[in-house]
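Student: Sharing a model prediction with you, sequence too.
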Amino acid sequence: MKKFKGKNVIVTGAAQGVGKETSIMFLEEGANVLMADINNLKLDGIKTEISRYIDQVHLMKVDISKQEDISLMINEIINKWGSIDCVVNNASVSLTKNMMEITIDDWDKVLNINVKGTFFIMLKAAKEMIKAGNGGCIINISSIAGLNGRPLFLPYAASKAAVINFTKSAAIEFAKYNIRVNSVAPGTIDTLMWEYVYKNLSKINNSDEETIIKNWVDRIPLKRLAKPKDIANAILFLCSEEAEYITGQTINVCGGLSIV
Ligand SMILES: NC(=O)c1ccc[n+]([C@@H]2O[C@H](COP(=O)([O-])OP(=O)(O)OC[C@H]3O[C@@H](n4cnc5c(N)ncnc54)[C@H](O)[C@@H]3O)[C@@H](O)[C@H]2O)c1
């Protein structure tokens, strides 16, 4: 029996990386998945890859920093499949920059997407879950950068700290409706976001990219970057029945990086 047969799931940032992998794993397990991303071209580009799930999937261009896009996305899944069972709030932007050069526009961009976008998707989806009365599950993707001070990632790290924190508040608020809210905090994942980070670190530190990557991976106790599947495995577990007593938690999926 497929674990998520008949469940209706939203995944944001679904055109690549963790969001794409998570969507495909939910599809394999029988779920209907609304795959949302701001990058329409990239979403179009994965149509062949997911063609065998054509009846279970809905691709949608959504900018999560826009309230009207969030409302349209929630309406779309309700009109198409009738309810929302799980939300994976995965879309986000990174910012790697010297702290002394951070601008107000940098803050606005990071907070509008990573914090307010994530929060309002959670809120609007929870309202539908409450209306339907069947509980639900919300996963907010944070980062281990949200656990510590990170001067070269300051607004990003602060945004992910906010995600970890509001996940706890929401878990308390929504527990009475059997809506569980958890967070997954990845370490470093081998995706285009990591490529953006190490290229910028190379410029900031005036060091070649190979050295930046080698030094970074050397610090990880398990001595490798995460694959998107490592993160998706934790997300699907938290959404499964096996995790029915887990709420308000952050699971660090980081090869041990958070403890060194
Ligand atoms: N890659 C890492 O090393 C790393 C580390 C820790 C945490 N994370 C977190 O994991 C999650 C997935 O990261 P990833 O590496 O797959 O990232 P990624 O950059 O590969 O993918 C992010 C996706 O989000 C989409 N997106 C960006 N802004 C959007 C918006 N306004 N509206 C809708 N979609 C938008 C992008 O188009 C992209 O497809 C993110 O929340 C990220 O912060 C990543």
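Tutor: Structure's in. What do you need?
Student: going forward, measure contacts between C-alpha atoms and count neighbours the same way
Tutor: Fine.
Student: Tell me if I'm right that residue 151 and residue 99 touch.
Tutor: Yes - taking contact to mean C-alpha atoms under 8 Å, the distance of 5.7 Å between residue 151 and residue 99 places them in contact.
Student: Name the SS class of residue 10, please.
Tutor: Classification of residue 10 using DSSP: H, G, I helix; E, B strand; the rest coil returns strand.
Student: Could I get the full set of strands for the stretch 51-200 of the chain?
Tutor: With DSSP state E, counting those that start in this stretch as the criterion, the stretch 51-200 of the chain has strands at 57-61, 86-89, 136-141, 179-186.
Student: Switch these over to JSON lines; also include mean neighbour count.
Tutor: Conversion of these to JSON lines gives the following (neighbours: other C-alpha atoms under 10 Å):
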{"stretch": "strand 57-61", "mean neighbour count": "19"}
{"stretch": "strand 86-89", "mean neighbour count": "27"}
{"stretch": "strand 136-141", "mean neighbour count": "27"}
{"stretch": "strand 179-186", "mean neighbour count": "27"}
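Student: Take those and lay them out in JSON lines including mean pLDDT and distance to the ligand.
Tutor: Supplementary listing: these in JSON lines, determined by pLDDT from 0 to 100; distance: least, C-alpha to the nearest ligand atom, whole Å:
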{"stretch": "strand 57-61", "mean pLDDT": "98", "distance to the ligand": "8"}
{"stretch": "strand 86-89", "mean pLDDT": "99", "distance to the ligand": "7"}
{"stretch": "strand 136-141", "mean pLDDT": "99", "distance to the ligand": "5"}
{"stretch": "strand 179-186", "mean pLDDT": "99", "distance to the ligand": "4"}
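Student: Turn those into TSV, columns for distance to residue 126.
Tutor: Supplementary listing: the strands of the stretch 51-200 of the chain in TSV, determined by distance: least, C-alpha to C-alpha, whole Å:
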stretch	distance to residue 126
strand 57-61	20
strand 86-89	9
strand 136-141	8
strand 179-186	8
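Student: The residue nearest to residue 162 when sequence neighbours are not counted: what's it in contact with?
Tutor: In this structure, residue 162 finds its nearest non-sequential neighbour in residue 115, 6.8 Å apart by C-alpha to C-alpha, 6 or more residues apart in numbering. Neighbour list for residue 115: 159-160, 162-163 [criterion: C-alpha atoms under 8 Å, 6 or more residues apart in numbering].
Student: if you set the cut-off to 7 Å instead, what comes out?
Tutor: With contacts taken as C-alpha atoms under 7 Å, 6 or more residues apart in numbering, residue 115 has the following neighbours: 159, 162-163.
Student: swap in residue 180?
Tutor: If you count contacts by C-alpha under 7 Å, 6+ apart, residue 180 has them with 136-138, 171, 247.
Student: what about the helix or strand that contains residue 41, near the ligand?
Tutor: Using DSSP states H and E, residue 41 sits in helix 40-45. No - Helix 40-45 is not in contact with the ligand by C-alpha under 6 Å from any ligand atom; minimum separation 7.4 Å.
Student: Among the contacts of residue 115, which one lies nearest to residue 70?
Tutor: When the contacts of residue 115 are compared for distance to residue 70 (C-alpha to C-alpha), residue 163 comes out closest, at 17.6 Å.
Student: thought that closest one was touching residue 139?
Tutor: No - contact status for residue 163 versus residue 139: not in contact, 10.2 Å apart, counting by C-alpha atoms under 7 Å.
Student: Verify the stated contact: residue 144 with residue 186.
Tutor: Yes - using C-alpha under 7 Å, residue 144 is in contact with residue 186, at 6.0 Å.
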